[in-house]
Structure formats: C-alpha cells, structure tokens
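predicted model and sequence below, questions to follow.
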Amino acid sequence: MDIIISNSSGKPIYEQITSQIKNLVITGELKPGDPLPSIRVLAKELRISVITTKRAYEDLERDGFIVSVPGKGTFVADQSIEMLRERQLKIVEEHLQTGVDAAKMAGISLDELVEMLGILYGEEE
C-alpha cells in the first residue's frame, strides 16, 4: 500500500492518508478483508506521529471503510463498493451545493463556475 504524504499540500496529513485509503478501496486496489498496517507500523513507514495515523484510522472506521478487530488488526470493511461510492458522492454533492449557493450570491455565472471547477479539478483548458 503506497501512501504519499505531501508537506506542501493544504490538507492535514491525516486527511491525506484517509483520502488515499478511501481511493484504494473504491478503486478496488484494496479489497474487503484485506489487512491494513497497524497504526504504529504505518506511522513508522510514513515517518509521522502515531496520533496522526490513529486519527486517520478512526475517520476511516467511522466512514465504514475499515474495521478494527481487537487482537487481530485492521481490515478493509465488507461493505459494497457501490455503497461506499454512493456515500462519497453524497458528501461531494453537499460540498458542491455549498459552492453553488456561494456562487449565486456572488453573481458568478454557471459558465464561470464550470471553468473554476475544471481548473480546481486539474483539467485546465
């Protein structure tokens, strides 16, 4: 499992870990039942605090991506990929709605908003 931490990213380290593991699960690179490294092992591999790794795992467990089994380890949860993807889509929808509301208040047109989204998504025209 390759997780890349960027110190120049605006995202906190625990969020970088969380989003990368979620992506690995949603794309099928990590399958239900696959073991994850222990909190301590992952912290050592990434050269970060155990507390940061623990926060990432807690968020992943809360969101249903992983499950911790005392005495055995942490594993990818048995939820369906479609359910996990649907949950993520709902979160994205909520954020987009907030952005659309702010754009309307600022008088930003749909074309301008689409252009901004393309740039933010990394598909500059």
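On my side now, so go ahead.

do a quick rundown of the strands in this protein.
For the chain, the strands defined by DSSP state E occupy 35-36, 66-69, 73-76.

could you measure from the residue nearest in space to the middle of the chain over to E115?
Ranked by distance to the mean C-alpha position of the chain (CA atoms, centre = their mean), the top residue is S19 at 2.0 Å. Shown here: S19 relative to E115, a distance of 25 Å by CB to CB, to the nearest Å. Every C-beta, even on glycine, is put in place using the N, C-alpha and C of the backbone.

also S6?
26 Å.

so for the two, which residue has more residues nearby?
Higher neighbour count among S6 and E115: E115, with 14 against 9, using other CB atoms under 10 Å.

so who does the nearest residue to I39 once chain neighbours are set aside touch?
Leaving out its chain neighbours, the residue that sits closest to I39 by CB to CB, 6 or more residues apart in numbering is T53, at 4.8 Å. Neighbour list for T53: Y14, I17, I39, R40, L42, A43, L46 [criterion: CB atoms under 8 Å, 6 or more residues apart in numbering].

mind redoing it with 10 Å?
3, 13-14, 17, 37-46 (CB atoms under 10 Å, 6 or more residues apart in numbering).

ok, which pair from those residues is furthest apart?
I13 and S38 (17.4 Å; CB to CB).

now the residue of the chain most remote from its centre: how far from I5?
Going by CA atoms, centre = their mean, the residue of the chain most distant from its centre is G107, 31.1 Å out. Distance, G107 to I5, using CB to CB: 39 Å.

how far away is the residue nearest to the centre of the chain from L60?
10 Å.

of all the strands of the chain, which lies closest to V100?
strand 66-69 (32.0 Å).

grab the nearest non-local neighbour of Q16.
That would be I5: by CB to CB, 6+ apart, it lies 5.7 Å from Q16.

the one you found against T18, yeah?
No. Contact criterion CB atoms under 10 Å: I5 and T18 do not qualify, at 11.9 Å.
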